[in-house]
Each structure stands twice: as structure tokens, then as C-alpha cells.
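K.L.:
sequence first, predicted coordinates after that:
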Amino acid sequence: MNKIVPDYPVDKLPADLREGLPKHGSVEIEFRLKQQMQPRVLLAPLAGAVPNIHGRDEEVVQYIRELREDS
């Protein structure tokens, strides 16, 4: 979520942000959250951890092969 402050006085900014700006002007400030990295989930440990709901492995492979032949 972004927040925009359209008219913020320069003299209220911290010193490092005031650098190079007119002393008595105003600025527009936009706050944006940085995208936070989600911890990676390795898929290898999950393989075989849940029951196969799509049928036997051979049936699934056969179905995929049939799909490829149709293209």
C-alpha cells in the first residue's frame, strides 16, 4: 500500500533528506513498502508427502503424453 503526502514542508524533513533542497520549499513524498522476501520453501522434501489425488503415477504420465500429442 502506498501513501502520498502531496505537500510536506522541507524544513520538517530530517537533515539528510533536506540536503540539496530549498530551505523553505515543499516536497511530495511517496511511501511504498518494500516487497518482503518470503522464505523459500524447498519442493523436494514435499514430494511424496501427500497422497496422489490424480491417480497412479503411470496414469498421470499417460495423460500428460496424450496432451502433448494433441498439440
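P.N.:
Nice, thanks for sending it over.

K.L.:
tell me how far residue 23 lies from residue 16.
P.N.:
Residue 23 sits 15 Å away from residue 16, going by C-beta to C-beta, to the nearest Å. For glycine as for every other residue, the C-beta is placed from the backbone atoms N, C-alpha and C.

K.L.:
OK, contacts around residue 26?
P.N.:
7, 8, 9, 10 (C-beta atoms under 8 Å, 6 or more residues apart in numbering).

K.L.:
what sits against the last one?
P.N.:
Applying C-beta under 8 Å, 6+ apart, one finds that residue 10 lies in contact with 18, 21, 22, 23, 24, 25, 26, 27.

K.L.:
find the pair from the contacts of residue 26 with maximum spatial separation.
P.N.:
Using C-beta to C-beta, the two most remote members of the contacts of residue 26 are 7 and 10, lying 10.7 Å apart.

K.L.:
circling back: let me know the closest of the contacts of residue 26 to residue 50.
P.N.:
residue 8 (52.1 Å).

K.L.:
and that closest one, how many neighbours?
P.N.:
Residue 8 has 14 neighbouring residues, counting by other C-beta atoms under 10 Å.

K.L.:
which strands and helices sit next to the helix or strand containing it?
P.N.:
Residue 8 is part of strand 2-9 when elements are defined by DSSP states H and E. Counting contacts by 3 or more C-beta pairs under 8 Å, 6 or more residues apart in numbering; DSSP states H and E, strand 2-9 is packed against strand 26-32.

K.L.:
what's the next helix or strand after the strand it packs on in contact with?
P.N.:
Following strand 26-32 in sequence order, the next helix or strand is helix 57-70 (DSSP H and E). Contacts to helix 57-70, defined as C-beta under 8 Å, 6+ apart, come from residues 52, 54, 55.

K.L.:
quick one: residues contacting the second one.
P.N.:
Meaning residue 54. When contacts are taken as C-beta under 8 Å, 6+ apart, residue 54 is in contact with residue 60.
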